[in-house]
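Q: The following comprises the amino acid sequence and a computationally predicted model.
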Amino acid sequence: MKYKVMKKQKNSRKCIVCGMKNDLGLKASFYELENGELAAIFTPIEEHQSYPGRLHGGVAGAILDETIGRAINITDEDVWGVTVELNLKYHKPVALNEQLRVVGRITRDTRRLFEGTGEILLKNGDIAVSASGKYMKLPLSQIADFNEDTEEWRVLPSDEDPAEIEV
Ligand SMILES: CCCCC/C=C\C/C=C\C/C=C\C/C=C\CCCC(=O)SCCNC(=O)CCNC(=O)[C@H](O)C(C)(C)COP(=O)(O)OP(=O)(O)OC[C@H]1O[C@@H](n2cnc3c(N)ncnc32)[C@H](O)[C@@H]1OP(=O)(O)O
């Protein structure tokens, strides 16, 4: 199903997944959808391979981890979490140099923890990798010494931002 993009989330400077100034990073964009899920879009490059031509499973885990971890921000922009568990299932190989869609959602939200699931989708809609994750909520000050400006934590509008995404 195609869903309207309601909001684009912020990118950062050096995060391996969302850092726009990390040359080896995924430079993923995250979009909040009208159905309450979060979609990520990125194009894996040669540097993200395991076997030649095939996306590294750990990199697949990284994008799923962040997509699920960010899905909590659809309902509360100020909740931050650290991953305490991540389970992955690899169903199909993922090729490089092709744009991928990733989708995540929250399945449980308590005072201290949240949980969610997500999938990497191939062009034809097949699920290539699926994940479930558990995150402990922590104040940002206990995660790292962040400064929004120096970390360039901001929404970066682009002409390539889609109006709707099929997930
Ligand atoms: C404003 C500027 C912002 C700039 C931002 C720049 C970049 C941002 C990039 C991305 C941003 C967006 C969103 C990203 C979201 C996700 C993406 C990736 C996130 C990560 O990549 S993050 C790295 C990997 N991750 C870690 O680095 C965690 C390491 N870990 C710890 O830091 C400790 O482990 C901690 C603090 C979690 C707990 O430490 P602790 O000392 O408080 O733990 P303790 O043992 O006392 O447990 C206390 C209670 O938690 C329960 N508990 C513990 N572990 C559990 C488990 N695994 N499962 C279930 N329950 C568990 C116990 O059972 C107990 O429960 P009870 O009290 O009821 O007994």
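A: All right, it came through fine.

Q: where are the low-confidence patches of the chain?
A: Applying pLDDT under 70 to the chain flags no residue at all.

Q: go with 90
A: Counting by pLDDT under 90, the chain contains low-confidence residues at 145-146.

Q: which stretches of it form strands?
A: 2-8, 29-33, 38-42, 81-90, 100-109, 113-121, 127-137, 164-166 (DSSP state E).

Q: Give me whichever of these is most buried.
A: Of the strands of the chain, the one with the most neighbours on average (mean count of other C-beta atoms under 10 Å) is strand 38-42, at a mean of 24. All C-beta atoms are positioned from the backbone trio N, CA, C, and that covers glycine.

Q: From the rest of the structure, what touches that strand?
A: With contact meaning C-beta atoms under 8 Å, 6 or more residues apart in numbering, strand 38-42 is reached by 3, 5, 9, 17, 26-33, 63, 66-67, 70-71, 73-74, 99-105, 162, 165, 167.

Q: Partner strands of that strand and their direction?
A: strand 29-33 (antiparallel), strand 100-109 (antiparallel) (DSSP bridges).

Q: The ones you listed: which one's closest to the ligand?
A: strand 29-33 (8.5 Å; C-beta to the nearest ligand atom).

Q: circling back: and the strands of the chain as CSV, adding distance to the ligand?
A: Compiled in CSV, these are given as follows (distance: least, C-beta to the nearest ligand atom, whole Å):
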stretch, distance to the ligand
strand 2-8, 14
strand 29-33, 9
strand 38-42, 10
strand 81-90, 3
strand 100-109, 10
strand 113-121, 7
strand 127-137, 4
strand 164-166, 19
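
Q: where's the one residue in the chain that gets nearest to the ligand relative to F114, distance?
A: Using C-beta to the nearest ligand atom, the closest approach of the chain to the ligand is made by G69 at 2.3 Å. Noted for G69: a distance of 9 Å to F114, by C-beta to C-beta, to the nearest Å.

Q: list residues touching both of those two?
A: Joint contacts of G69 and F114 (C-beta under 8 Å, 6+ apart) are G81, Y135.

Q: which ones are touching D149?
A: Listed by C-beta under 8 Å, 6+ apart, D149 has no contact partners.

Q: Can you tell me which helices and strands the lengthiest helix in the chain packs against?
A: If you go by DSSP state H, the chain has its longest helix at helix 57-71. Contacts defined by 3 or more C-beta pairs under 8 Å, 6 or more residues apart in numbering; DSSP states H and E place helix 57-71 against strand 29-33, strand 38-42, strand 81-90, strand 100-109, strand 113-121, strand 127-137.

Q: I'd like those strands as JSON lines, with distance to F146 appended.
A: Shown next, in JSON lines, are the helices and strands packed on helix 57-71 (distance: least, C-beta to C-beta, whole Å):
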{"stretch": "strand 29-33", "distance to F146": "18"}
{"stretch": "strand 38-42", "distance to F146": "21"}
{"stretch": "strand 81-90", "distance to F146": "13"}
{"stretch": "strand 100-109", "distance to F146": "22"}
{"stretch": "strand 113-121", "distance to F146": "20"}
{"stretch": "strand 127-137", "distance to F146": "16"}
